[in-house]
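A.B. asks: give the three-dimensional model of this entry:
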Amino acid sequence: MDRLINRFTSPNINNLLANAVITQRPLIVVEGKDDIQFYDNICELTNKNFKIFAIENIYGYTEGCDKVIELTSDLQHKLHTDIILQKLYLGIIDKDVREYRDLTSYNSILGFLNLFVLDYYSYESHYVTKNIIKKILKHYTSVNNDLIDDVLLDTIYTELKEEILETLYYPSLEALKNALTHNYNSDVGYSNKFNEFSKNPLKIANINSKQVDLDLFASQVNIDKDFQKLKSFSKGKWILECFSNHLKNKLENLPLNCRNNLINQCQYCQQSNHEKCLYKLKISLSNLNLPELIRPYIDEIETSYIIDKLKSLN
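C.D. replies: Below you'll find the model as predicted:
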C-alpha cells in the first residue's frame, strides 16, 4: 500500500528535472528531512533560487545518502549528454566514514557528475565555529560588539574544541573501529545517541580502558588526535550536542566571570550593578534543546565551499 501511495503522490525525477529546466530553478536533492533547513539557509546566502527536495519524496527512492547516490548514478547518462542539466541538478551527501570503509568505492562516487560530498562526517559538524559562538552570544545575551572581542571568542572556541575532542575522540574511534572490524565487541556504535554513552560511566570506563588499542587503530587508519580530523570520523550529531552542552556551561558562567573581571567587563558590572550584567542570559537554557536553537545559524566561512558549489549552478 505504501508503495502504491508513493507512486501516485510522489513526483518522479523526470518531472522534477523538467520543472527545473522550465523554471531555471536548480534541483538540490538531499538525504532527508533534517538536511532541508540547513541547505535552505545556505541557499539564501547565494542570492539564487533553488528547489530542495528530500530523496524519499521522489518516486522510487527512500531516504538516506545511499539513495541520493543511487539517484545520481541513475542520472549519469543524462548528465553526461545534457550540459544544461549539469547546471540544474545536484545531489548532496554527508561524507560519513566512506573513506575509511572502502577508499576505492569512495573515490568512485567522487567521480559522479553532480554528486557533492561534504568535507565532514555530516553537516552538523559545520556549527562549531567562532562565528556561530558570536551569533549565539548576541542572540541570547545583551552583549554589544565592544564586549565580543577576539580574545573572548578565541578563548571560548579554543576551550570548546579541546573539551569536544576530549569527550568524543575515543568514543568516536570506538565507533569507527566497530564500523570497520567484523565481530568487534564495541561499547559504542554510530547508531547510538550521544547521551547513551556520554552519560554512561561504565561505557566511558570501558572505552578508556581500550585507549592503547584505539591509539594503535588510529595510527593504522591515519588519524591524529586533532579537532579538525575529529570532524571526519565523529558523528556530526554527537559533535553538535557535545558543543551545545559545553557552550551552555560557558554561557552560564559568563556573568560570574564578568563580575570577577576575568573577561572584558561590561559597563554594569563596572558599576557593581551585577543584576544587569550584559552577559546574563535573556532566557534560561536549562529546559531548552540548545542544538535545535543552533541549527538555524550558518557560518559563511565554514560553509563557503558549499556556497561556492551552489553558486556554480545555473
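A.B. asks: please make it C-alpha for all contacts and neighbour counts, starting now.
C.D. replies: Noted.
A.B. asks: and Arg259, how far from Asn253?
C.D. replies: Arg259 sits 10 Å away from Asn253, going by Cα to Cα, to the nearest Å.
A.B. asks: looking at the two, which is more packed in?
C.D. replies: The neighbour count for Arg259 versus Asn253, taken as other Cα atoms under 10 Å, is higher for Arg259 (21 against 14).
A.B. asks: kindly format the C-alpha coordinates of stretch 210-218 as PDB.
C.D. replies: What follows is stretch 210-218, C-alpha atoms only, in PDB (Å, rounded to 0.1, in the frame of the first residue of the first chain):
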ATOM      1  CA  LYS A 210      41.000   0.400  25.400                       C
ATOM      2  CA  GLN A 211      42.900   3.600  24.700                       C
ATOM      3  CA  VAL A 212      46.200   1.800  23.900                       C
ATOM      4  CA  ASP A 213      44.400  -0.400  21.300                       C
ATOM      5  CA  LEU A 214      42.400   2.500  20.000                       C
ATOM      6  CA  ASP A 215      45.600   4.600  19.500                       C
ATOM      7  CA  LEU A 216      47.100   1.700  17.500                       C
ATOM      8  CA  PHE A 217      43.900   1.500  15.400                       C
ATOM      9  CA  ALA A 218      44.100   5.300  14.900                       C
END
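A.B. asks: pull the contacting residues for the closest residue to Lys231 other than its chain neighbours.
C.D. replies: Closest residue to Lys231 apart from its sequence neighbours, by Cα to Cα, 6 or more residues apart in numbering: Tyr120 at 5.5 Å. By Cα atoms under 8 Å, 6 or more residues apart in numbering, the contact set of Tyr120 is 94-96, 231-233, 236.
A.B. asks: repeat for Tyr140
C.D. replies: 281-283.
A.B. asks: in PyMOL, select just the buried ones from those.
C.D. replies: Filtering the contacts of Tyr140 down to the buried ones (16 or more other Cα atoms under 10 Å) takes a single PyMOL command:
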select buried, resi 281
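A.B. asks: distance of the residue sitting furthest away from the middle of the chain from Cys258?
C.D. replies: Distance from the C-alpha centroid of the chain, by Cα atoms, centre = their mean, peaks at Gln271 (41.5 Å). Separation of Gln271 from Cys258 (Cα to Cα): 12 Å.
A.B. asks: and Ile55, by the same measure?
C.D. replies: Here Ile55 is placed at a distance of 48 Å from Cys258 (Cα to Cα).
A.B. asks: then Lys130?
C.D. replies: When distance is defined by Cα to Cα, Lys130 is 20 Å away from Cys258.
A.B. asks: which of the three states applies to the most centrally placed residue in the chain?
C.D. replies: For the chain, Glu124 is the residue whose C-alpha lies nearest the centre (Cα atoms, centre = their mean; 1.3 Å). The three-state label given to Glu124 by DSSP: H, G, I helix; E, B strand; the rest coil is helix.
A.B. asks: what's the pLDDT at it?
C.D. replies: As predicted, Glu124 sits at a pLDDT of 96.
A.B. asks: residue contacts, the residue lying closest to it once chain neighbours are set aside?
C.D. replies: Closest residue to Glu124 apart from its sequence neighbours, by Cα to Cα, 6+ apart: Gly236 at 4.7 Å. Contacts for Gly236 (Cα under 8 Å, 6+ apart) come out as 120-125.
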